[in-house]
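In: Pasting a predicted model and its sequence here:
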Amino acid sequence: MASPDSQKGYYSLGLQINLLTRTYVFPWSQFLYAEGGNDELRLAFSTHDVLIKGRGLDALASDFAAHRIARLQEPARADRFLNETGPFIQEISVRKIEQDYA
């Protein structure tokens, strides 16, 4: 589930990602880019990569670019197979970017 801001013209300062076992909050100032298509979308932040799998996700890319999404919620395991219409998030994974120091 993706939650857009409820006020028109208001932009979120950050993105909260609620996974089943952990919550992350990323400031939009650390957002680098988004890429992907209908079934997979990758968000790149300066310290983490977020991979979203589902369907209809290409419709969300412009909302991420404009910082209009305030919260992403990973669905419970039982909800991952619902037959919803429109954009649907099936899985979210967050990976910390490891930096090599020479």
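Out: Arrived safely, thanks for sending.

In: Okay, now the unreliable bits of the chain?
Out: Filtered on pLDDT under 70, the chain yields the residue ranges 1-11, 78-84, 100-102.

In: how close does the residue most central in space within the chain sit to N38?
Out: In the chain, the residue lying closest to the centroid (Cα atoms, centre = their mean) is L72, at 5.5 Å. Remark: distance between L72 and N38 (Cβ to Cβ, to the nearest Å) = 17 Å. (Each C-beta comes from the backbone N, C-alpha and C, glycine too.)

In: Can you show me the helices along the protein?
Out: Secondary structure of the chain by DSSP state H: the helices cover 61-65.

In: Tell me where it has strands.
Out: Here the chain has its strands, by DSSP state E, at 2-4, 14-18, 23-27, 31-36, 40-45, 48-55, 69-73, 88-96.
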